[in-house]
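Task: produce atomic coordinates for the following.
(2 chains)
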Amino acid sequence: MERTEIVDKLTVIFRNVFNSENIVLRDDMTADDVDSWDSLTHMAMISEVEKCFSIKFKLKELNKLRQVGDLIATIESKLQQ
Amino acid sequence: MDDRLFSDVLNFVAKSIEFYGDRPAFFIDGESYTYKVFGETISGIRTALRNRNSKSSNIGIVLNNDVETYSSIFAVWMEGCAYVPLHPHWPKERCQDIISQVGLATILDSSSADKDDSFDCNLIRTKNLQGNCEIQKNEFNVNDGELAYILFTSGSTGKPKGVPISKGNVAAFVGSFFDIGFEITENDRVLQCFDLTFDLSVMSYLIPLMKGACVYTVPDNVVKYTYIYDLMDEHNLTVALMVPSIINYLKPYFDEIDVPSMRYSLFCGEALYEDVTAGWAKCLPNAEIYNVYGPTEDTIFCTYYKYQREGGNKTCNGILSIGKSMSSGSIMVLDEEGHETPVGESGELCLYGRQLFDGYWKDKEKTESAFVLSDDGNRYYKTGDLCYRDADGDIMYMGRMDSQAKIQGYRVELGEIEFHARDFFKDRNVVCVAYENESKLTEIAMFIESDEVSTDELVSYLRTKLPAYMIPTRIMFVQVFPLNANGKTDRKALKSKL
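Residues are numbered from 1 along each chain as shown, chains lettered A, B, ... in the order given. Below you'll find the model as predicted:
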């Protein structure tokens, strides 16, 4: 899957989970940049990502996802496995 | 240990600073801070406090995740004052309301100077205030009748209500905490995952600092459950008090978690389910697990139940028992007339003892309605929790009696959210309900009696009035609210739409 396709799918998930129509993903975006991004919505977002890409994150991987760029890179590498 | 005084508590902390100067007191955001630095920071802030203009003994502290904020708490206590936490992420209006309710004249703030703070108060910047470490044991002129802190919790009238806790209350908590049998030493590494507006933080920093142990804090701009797991795993934490939500989040990953260093794992603030606890117990093969319980009004927690790894745990609807009273208090389950209920019969859990507060801040009416005179002649605090006592005297928790909900351990009066939403709409009916999602986590849903409209403006309005955890995660529109037999809005019927 191309990176742009991942970003597109991720954008749909983010807009939906964080309940905001105008989220535009950036690599350096963090939970600080999105009002409703907290532990609860984070968990919902991760589970949507897992469903959408048919992947499963390890707990150790989750804590390394500090920025949206990390998330995209992790999805990319898991899809290649 | 029933006669422990608050000055003894401070003497223990002074002893840690004296004996363990080179050892870490805090691990904050990737960095360690020694007891020497902690002591020097306290002494610098004490000097600033002594030079303040006002004589008021209640001091505001802007909560940041740094050594200055924790040192401010101890400087305030050592100077015979009480602290009132102000959260930098709270809406300004809420902070201002608290400042004027308490009449705060001085605020300690470790934020950098370019941050805009236009509170109507004398602001003391605590960054770079280090003094000489001259904290002497036995120098503390503190009185157990003085306040230690005033915490503000959600109130149904839209105004936060203040819970003043005395230094004697805190000393009683410390005494009864150690009476349970916990042994904490300078080699312990203790999790402090709570916001300092939440009194579970007090145990999480105070107990380790009394024993020369290290406090591991959690910043508030991170995803908590993964950060906490990382701290436990990489730093081999030995003691952790958490809300059960955290392990509900971690549950899908239990098979990856193995923290043999953990000795004591305590849960408080929400119902703890036996099944998830059993899974968690396997992640911490060497830990004793406790379910502890208590409202802010009875200082941190006041009952405890030890989880039995070999089985035979006491539960009610899958929720672990909250056990028995700690040593400095007593508990009763009372019926509507204020009489103790027989074994096995439910009633309201009521509390009494040295940890119990005197009454709400400047609110006689609320205070009067919060207490009941029981048959033993003592004034008991009514918790609003529905419980029963079994034949061994263990308390079983059944749920709340009113419209209060617990969101990740925070007390939330649903009425406060409804109040602000009605204020926004003026002419529409609003009902909030708390419900458990698929992961057994509590969320808030809001129902609005109207045609569907955009909720963006409502949500941004609520964000100016309420902390983030009180913002509903689901908003639904209903043409006409269902009514129950008494003609009241049927909250249960609304809830079933979720």
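
Double-check B:N143 against B:A171; I have them as touching.
No - with contact defined as C-beta atoms under 8 Å, B:N143 does not reach B:A171; the gap is 11.1 Å. Yep, even glycine has a C-beta here, placed from its N, CA and C like the rest.

Neighbour count for those two, which is higher?
Between B:N143 and B:A171, counted using other C-beta atoms under 10 Å in any protein chain shown, the more crowded position is B:A171 (26 against 12).

which stretch of helix or strand covers the more buried one?
Here B:A171, judged by DSSP states H and E, is contained in helix B:167-179.

Show me what counts as buried in that helix.
Within helix B:167-179, the residues that count as buried by 16 or more other C-beta atoms under 10 Å in any protein chain shown are B:K167, B:G168, B:N169, B:V170, B:A171, B:A172, B:F173, B:V174, B:G175, B:S176, B:F177, B:F178.

Now that helix - C-alpha only, PDB.
Taking Å, rounded to 0.1, in the frame of the first residue of the first chain, the C-alpha atoms of helix B:167-179 are listed here in PDB:
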ATOM      1  CA  LYS B 167      -3.200  18.300  58.300                       C
ATOM      2  CA  GLY B 168      -4.500  16.000  61.000                       C
ATOM      3  CA  ASN B 169      -6.600  14.200  58.400                       C
ATOM      4  CA  VAL B 170      -3.500  13.600  56.200                       C
ATOM      5  CA  ALA B 171      -1.500  12.400  59.300                       C
ATOM      6  CA  ALA B 172      -4.300  10.000  60.100                       C
ATOM      7  CA  PHE B 173      -4.300   8.600  56.600                       C
ATOM      8  CA  VAL B 174      -0.500   8.100  56.700                       C
ATOM      9  CA  GLY B 175      -0.800   6.200  60.000                       C
ATOM     10  CA  SER B 176      -3.600   4.000  58.800                       C
ATOM     11  CA  PHE B 177      -1.800   3.400  55.500                       C
ATOM     12  CA  PHE B 178       1.200   1.900  57.300                       C
ATOM     13  CA  ASP B 179      -1.100   0.000  59.700                       C
END
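
Distance from the chain centre to that helix, please.
Mean-position distance between helix B:167-179 and its chain equals 16 Å (C-alpha atoms, centre = their mean, to the nearest Å).

for the helix or strand that that helix is followed by, packing partners?
The helix or strand immediately downstream of helix B:167-179 is strand B:189-192, counting by DSSP H and E. The criterion is 3 or more C-beta pairs under 8 Å, 6 or more residues apart in numbering or on different chains; DSSP states H and E, and the helices and strands that strand B:189-192 contacts are helix B:200-210, strand B:214-217, helix B:224-235, strand B:239-242.

what sits up against the last one?
This points to strand B:239-242. Applying C-beta atoms under 8 Å, 6 or more residues apart in numbering or on different chains, the contact partners of strand B:239-242 are B:184, B:188-191, B:193-194, B:200, B:203-204, B:207-208, B:213, B:228, B:232, B:262-268, B:292.

at 6 Å what do you get?
For strand B:239-242, the surrounding residues in contact (C-beta atoms under 6 Å, 6 or more residues apart in numbering or on different chains) are B:D188, B:V190, B:L191, B:L200, B:M203, B:S204, B:Y264, B:S265, B:L266.

now the first one
Helix B:200-210 is touched from outside by B:F12, B:V13, B:I184, B:V190, B:Q192, B:F194, B:V215, B:L241, B:C268, B:I300, with contacts defined as C-beta under 6 Å, 6+ apart.

The closest residue to the fifth one other than its chain neighbours: how many residues sit nearby?
Same thing as B:Q192. Nearest residue to B:Q192, sequence neighbours excluded (C-beta to C-beta, 6 or more residues apart in numbering or on different chains): B:S204, at 3.9 Å. Burial measure for B:S204: 26 neighbouring residues, criterion other C-beta under 10 Å.

Which pLDDT value belongs to B:S204?
According to the predicted model, the pLDDT of B:S204 comes to 98.

what do you get for B:S72?
At B:S72, the model reports a pLDDT of 98.

ok now do it, which residues does it touch?
Going by C-beta under 6 Å, 6+ apart, B:S72 touches B:I45, B:I61, B:L108, B:T126.

State the distance from it to B:I107.
In this view, B:S72 and B:I107 are 10 Å apart by C-beta to C-beta, to the nearest Å.

Run a quick neighbour tally on B:G269.
B:G269 has 25 neighbouring residues, counting by other C-beta under 10 Å.

show me the contacts for the closest residue to it other than its chain neighbours.
In space, and not counting its chain neighbours, B:G269 is closest to B:G409: 3.2 Å by C-beta to C-beta, 6+ apart. By C-beta under 6 Å, 6+ apart, B:G409 lies in contact with B:V243, B:G269, B:E270.

how about 8 Å then?
So B:G409 contacts B:F194, B:F198, B:L200, B:V243, B:S245, B:C268, B:G269, B:E270 (C-beta under 8 Å, 6+ apart).

mind checking pLDDT for the spatially most central residue of chain A?
The centre of chain A sits closest to A:L71, judged by C-alpha atoms, centre = their mean, with a distance of 5.3 Å. The model reports A:L71 with a pLDDT of 95.

Same check on B:S112?
With respect to pLDDT, B:S112 has a value of 82.

What distance do you get for it to B:S201?
As for B:S112, its distance to B:S201 is 23 Å (criterion: C-beta to C-beta).

do B:H87 as well
Counting by C-beta to C-beta, the gap from B:H87 to B:S201 is 12 Å.

Tell me which of these two has more neighbours.
Here B:H87 and B:S201 are set side by side on neighbour count (other C-beta under 10 Å), and the busier one is B:S201, at 23 against 18.

burial count for the nearest residue to B:P88 once chain neighbours are set aside?
If you skip the residues right next to it in sequence, B:P88 has B:V62 as its closest partner in space, 5.8 Å away by C-beta to C-beta, 6+ apart. Close neighbours of B:V62, defined as other C-beta under 10 Å, add up to 22.

you'd agree B:V62 is up against B:I107?
Yes - the pair B:V62 / B:I107 is scored as a contact, 6.4 Å apart, by C-beta under 8 Å.

Close to chain A: what parts of chain B are there?
If contacts are counted using C-beta under 8 Å from any C-beta of the partner chain, the residues of chain B sitting beside chain A are B:221-227, B:229-230, B:245, B:249-250, B:253, B:256-257, B:408, B:439, B:441, B:443, B:459, B:463, B:468-469, B:471, B:473.

between the helix holding B:A171 and helix B:200-210, how big is the angle?
What separates the directions of helix B:167-179 and helix B:200-210 is an angle of 70 degrees, with axes from the mean of the first three to the mean of the last three C-alpha atoms, to 10 degrees.

outside of helix B:167-179, which residues touch it?
Residues external to helix B:167-179 that are found in contact with it (C-beta under 8 Å, 6+ apart): B:1-6, B:8-9, B:77, B:142-148, B:202-203, B:206-207, B:210, B:299-302, B:326-329, B:353-357.
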